[in-house]
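1. Quick one: sequence and predicted model below, then my questions.
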Amino acid sequence: MRLPHAILALVLAAAGTAVHAADLSALGQRWRDDTIRPATAGFAKAADATHEALRAYCATPGEATHATVATRFDALAESWGRVEVLRFGPLVEANRFERVFFFPDPRGLVQRQVSALLAAADPAVLDAGALASRSVGVQGIPALEHALFAGEAAAQIAAADEPGRYRCAYATAVAAQLGTTAREIDAGWSDTSALARAFAKPDAASAFYRTPQEVAAETLKAISGSLQYVRDIKLAPAIGDTPEAARGQRAPLWRSGATRALLRGNVAGVRALVVAARFDEVVAADQRWIAASLRDEAGRVLEDIDAVTLPFDRAVTDADARERLVHALFVLKNMKSITDEFLAAALGVNIGFNAFDGD
Amino acid sequence: MAIDRRGFVTAIGGALLATPWLARAASVATPTRYVAARQRDGRHEVAIVDGDGHDLHAFALPDRGHSFAIDAPCGRAVAFGRQPGFFALAFDLDGRTPPQRLPLPDGRHFFGHGAFSADGRLLYATENDFEGERAVVGVYDAAAGAGWRRVGEFACDGIGAHELLLMPDGRTLCVANGGILTHPDYGKLELNLDTMAPSLAYLDARDGRLLAQVALAPSLHQLSIRHLALAGDGAVWFGCQYSGPAADRPALVGRHRRGHAPELFAGPDELLRDLRNYVGSVAANTRGDVIATSSPVGGQVAFWDAASGRSLGRIARPDGCGVAAHGQGAFLVSDGHGAIVEAGPTSSLRALREGAEALAWDNHLRLVPAG
């Protein structure tokens, strides 16, 4: 649905400041149909593709089948990255976020739990759907990465002895579980979901979204929160203030080298939300720079990420790669500032000081 | 540093018991004052304001502040950093002496709340033992000249403690274990949404012994109990923040009396919906018969009858969060837009301090009890 030049020339006087009232009524549907649903469908597809590759790998462990698994795992990480930025609604119900990606994990819970599970080699864990009732730490992408890429995992699977076969079967079960969770998320954004319907068409009687402003506020908070999450939780602790303080093993998915794919998915996911909104049709002419700037800055972060070809645990201490990563930190911070200070104001959905970051 | 309970009791010499509760009231009446953290022109401050919400004086904080422990008889208070808070500053309510920073051991940070012992000799602060993944109450020597030495800590038997209260008996601490695991490397990110287990813990203020622990129904394990206030009848009122799906609508306000099960009060559906699963501050009025709970997320302040739990209505305050008793039955409400108003269930809203673009009042507004 296109907005017919829907900039309402309504100016509200609020707290002594003239506020441009933007018509936000089309945003929810654009976001849902043009970026959210393709992202959730893509994630489910990537989980299925990973599952399929794992079945082939477990049947015939070898370099070729392993390479396919690695490629599919990378794609899975990127597709999750696009979904991960939608941290509200279906993604936070039933602990789905944690079930897919338990992170950060400062105590090494995933490693501990997966190691214990592999050591126990309980066949019941491999039953269809059995992982759903287990700890969130053993049913997500980090668990899958640990099973496939930690230490001598590949060699153990290649040996095809009992521990190797169990490890591979467990990885396959995790991929199947990820597919199930991904389809739940996808269904949560389909027309059968009251939340998804209200997101696209807010309704005063809805328990979810009553006004377009609530939809816009939710999405802006998700964008801002994602930018902060990528910068402060995923990147900054790994990069450290100095090369000496860098700890690349704190980055997500450093073992598999899928860190880049994940980050790329995150930034691409944010950019997709900005693009799909077509803010230019919503905000005043002198505020059109905001969305353009966000798109450009996202492009710069993607360039930085793509320029880092070393595995993350080494990249953080390599001079050239580090320079790109530090630059990405700066740009991500700027993107968050633009979102919080300018985009929110342009849309008239300022989130209060206490409401934005309560305690 | 773990405390040896027996040694700790010996160290403080049973001082708590020696001084009756409220026996230290100053003889000279002082005007009504409030304390609050705020952000002004991008700087973090503590402000002491009068009964009309106007500045008496202010001083800078090293980072964003949160709440306060107030020792009215001695005219002093402690400002705690917002979690993960790595500072706490003791200050003189009259602003005559410079603030003094409290020590904090490695591996701990403040959660933002604290309280003095009845005799003012000790300060209790909720803290995160973030490597141990448990909440503790840090205990500080508040005697004059003691330098706020940290003399020990009590286990809270929970995670993510937030507000704590000294109960009317002067011997018991009530701690809101919010249940949310955080680590300062990751800011305030919730690391255990799937396994949260919030509770109210009652600790013996002398030795930290766990006297009682109360949890809500297992289905409400993502309902973080965060803020507390004492009603006139001694019941603990609590305000919660829900970390589960936004579509859920759990009751957010509750009451607990020792020896009884906790009660939750939902209020009308419309109110519950407008609170948006978030209560940011809880206060009782001076008589202790009305409780105010704020939701900056929903832009609402709701009032509750302390005797029955009945909803007494609400007022809309965009980004309103700080609530504190004002006059006989009303409250002061501060907001993130710099304004302070008087409001209550039976009085009309009265503006006391206009909003200001560069000023945001932070979560809590605390009444300095009358001297």
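-> Happy to help now that I have it. Computed from a prediction, not measured in an experiment: that's the story for all the values here.
2. what's the burial count for the residue in the stretch 1-150 of chain B that chain A sits nearest to?
-> Among all residues of the stretch 1-150 of chain B, B:R82 sits closest to chain A, at 5.8 Å; criterion: C-beta to the nearest C-beta. Just so you know, the C-beta spots here come from the backbone N, C-alpha and C atoms, and that holds for glycine as well. Residues lying near B:R82 (other C-beta atoms under 10 Å in any protein chain shown) number 23.
3. what's around the spatially closest residue to it that is not a sequence neighbour, how many residues?
-> Nearest in space to B:R82, with sequence neighbours left out and distances taken as C-beta to C-beta, 6 or more residues apart in numbering or on different chains, is B:H66 at 4.0 Å. By other C-beta under 10 Å, the residues close to B:H66 number 24.
4. residue contacts, B:H66?
-> A:359, B:37, B:80-83, B:85, B:112-113, B:362-364 (C-beta atoms under 8 Å, 6 or more residues apart in numbering or on different chains).
5. Out of these, list just those in helices.
-> Among the contacts of B:H66, no member falls in helices (DSSP state H).
6. any idea which of these is closest to B:G234?
-> B:H113 (19.6 Å; C-beta to C-beta).
7. what's the spacing between the nearest residue to that closest one once chain neighbours are set aside and chain A?
-> Of all residues not flanking B:H113 in the chain, B:E163 sits nearest, at 4.3 Å (C-beta to C-beta, 6+ apart). When C-beta to the nearest C-beta, to the nearest Å is applied, the distance between B:E163 and chain A equals 10 Å.
8. and the helix or strand that B:E163 is a member of, what other elements does it pack with?
-> B:E163 is part of strand B:161-166 when elements are defined by DSSP states H and E. Applying 3 or more C-beta pairs under 8 Å, 6 or more residues apart in numbering or on different chains; DSSP states H and E, one finds that strand B:161-166 contacts strand B:108-116, strand B:122-129, strand B:134-141, strand B:172-177, strand B:223-230.
9. and that strand, which strands flank it?
-> Sheet pairing for strand B:161-166, assigned by DSSP bridges, gives strand B:172-177 (antiparallel).
10. could you give the angle of the partner strand to strand B:223-230?
-> If you take axes from the mean of the first three to the mean of the last three C-alpha atoms, to 10 degrees, strand B:172-177 sits at 150 degrees to strand B:223-230.
11. Beta-bridge partners for the residue nearest to B:G120 when sequence neighbours are not counted, please?
-> The shortest distance from B:G120 to any non-neighbouring residue, by C-beta to C-beta, 6+ apart, is to B:D71 (4.8 Å). Note on B:D71: beta-bridge partners by DSSP bridges are B:R76.
12. so B:D71 touches B:F116, yeah?
-> Yes. Using C-beta atoms under 8 Å, B:D71 makes contact with B:F116 at a distance of 4.4 Å.
13. Need the residues touching each of these two.
-> B:A142.
14. before we move on, the earlier item: and the residue nearest to B:H113, what does it touch?
-> Contacts of B:E163 by C-beta under 8 Å, 6+ apart are B:67, B:113, B:126, B:175-176, B:226-228.
15. which residue does the stretch 251-359 of chain A bring closest to chain B?
-> Counting by C-beta to the nearest C-beta, the stretch 251-359 of chain A gets nearest chain B through A:G352, at 2.8 Å.
16. Which positions in chain A make contact with chain B?
-> A:15-17, A:88-89, A:92-95, A:97-99, A:104, A:106-107, A:135-136, A:194-195, A:207-208, A:229, A:232-233, A:237, A:352-355, A:357-359 (C-beta under 8 Å from any C-beta of the partner chain).
17. part of a strand, is the residue nearest to B:R82?
-> Yes. Counting by DSSP: H, G, I helix; E, B strand; the rest coil, B:H66 is located in a strand.
18. so how far is A:Q177 from it?
-> Distance, B:H66 to A:Q177, by C-beta to C-beta, to the nearest Å: 40 Å.
19. and stretch B:121-137, which residues are buried?
-> When burial is assessed from 16 or more other C-beta atoms under 10 Å in any protein chain shown, stretch B:121-137 yields the following buried residues: B:121-130, B:133-137.
20. May I ask which two of those residues are separated the most?
-> So, these by C-beta to C-beta: farthest apart are B:R121 and B:E133, at 30.7 Å.
21. average model confidence for stretch B:168-181?
-> For stretch B:168-181, mean pLDDT is 97.
22. Pull out the buried positions in that stretch.
-> B:170-181.
23. Next: stretch B:268-288.
-> The neighbour-count check on stretch B:268-288 (16+ other C-beta under 10 Å) flags B:271-272, B:274-286, B:288 as buried.
24. with those in mind, which one is nearest to chain A?
-> Nearest member of the buried residues of stretch B:268-288 to chain A, counting by C-beta to the nearest C-beta, is B:G280, at 5.4 Å.
25. got the phi/psi numbers for that closest one?
-> phi -100, psi -20 (degrees, to the nearest 10).
26. Can you list the helices and strands that the longest helix along chain A packs against?
-> Longest helix of chain A, by residue count under DSSP H: helix A:162-188. Counting contacts by 3+ C-beta pairs under 8 Å, 6+ apart, helix A:162-188 packs against helix A:37-59, helix A:63-84, helix A:96-100, helix A:109-120, helix A:141-149, helix A:153-159.
27. And the next helix or strand past it?
-> helix A:194-200.
28. Show me what that next one packs onto, helices and strands only.
-> So helix A:194-200, by 3+ C-beta pairs under 8 Å, 6+ apart, packs with helix A:27-30.
29. Could you check the helix it packs on and say which residues are buried?
-> A:27-30.
30. Surely B:T293 is within a strand?
-> Yes. Counting by three-state DSSP, B:T293 is found in a strand.
31. Surely it is in contact with B:A306?
-> No. The pair B:T293 / B:A306 is not scored as a contact, 11.7 Å apart, by C-beta under 8 Å.
32. could I have the strand holding B:E163 exported to CSV, CA atoms only?
-> Provided in CSV are the C-alpha atoms of strand B:161-166 (Å, rounded to 0.1, in the frame of the first residue of the first chain):
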residue,chain,number,x,y,z
ALA,B,161,18.3,-7.8,43.7
HIS,B,162,16.9,-4.3,43.2
GLU,B,163,15.2,-2.3,45.9
LEU,B,164,15.5,-3.1,49.6
LEU,B,165,13.6,-1.8,52.6
LEU,B,166,14.2,-1.8,56.3
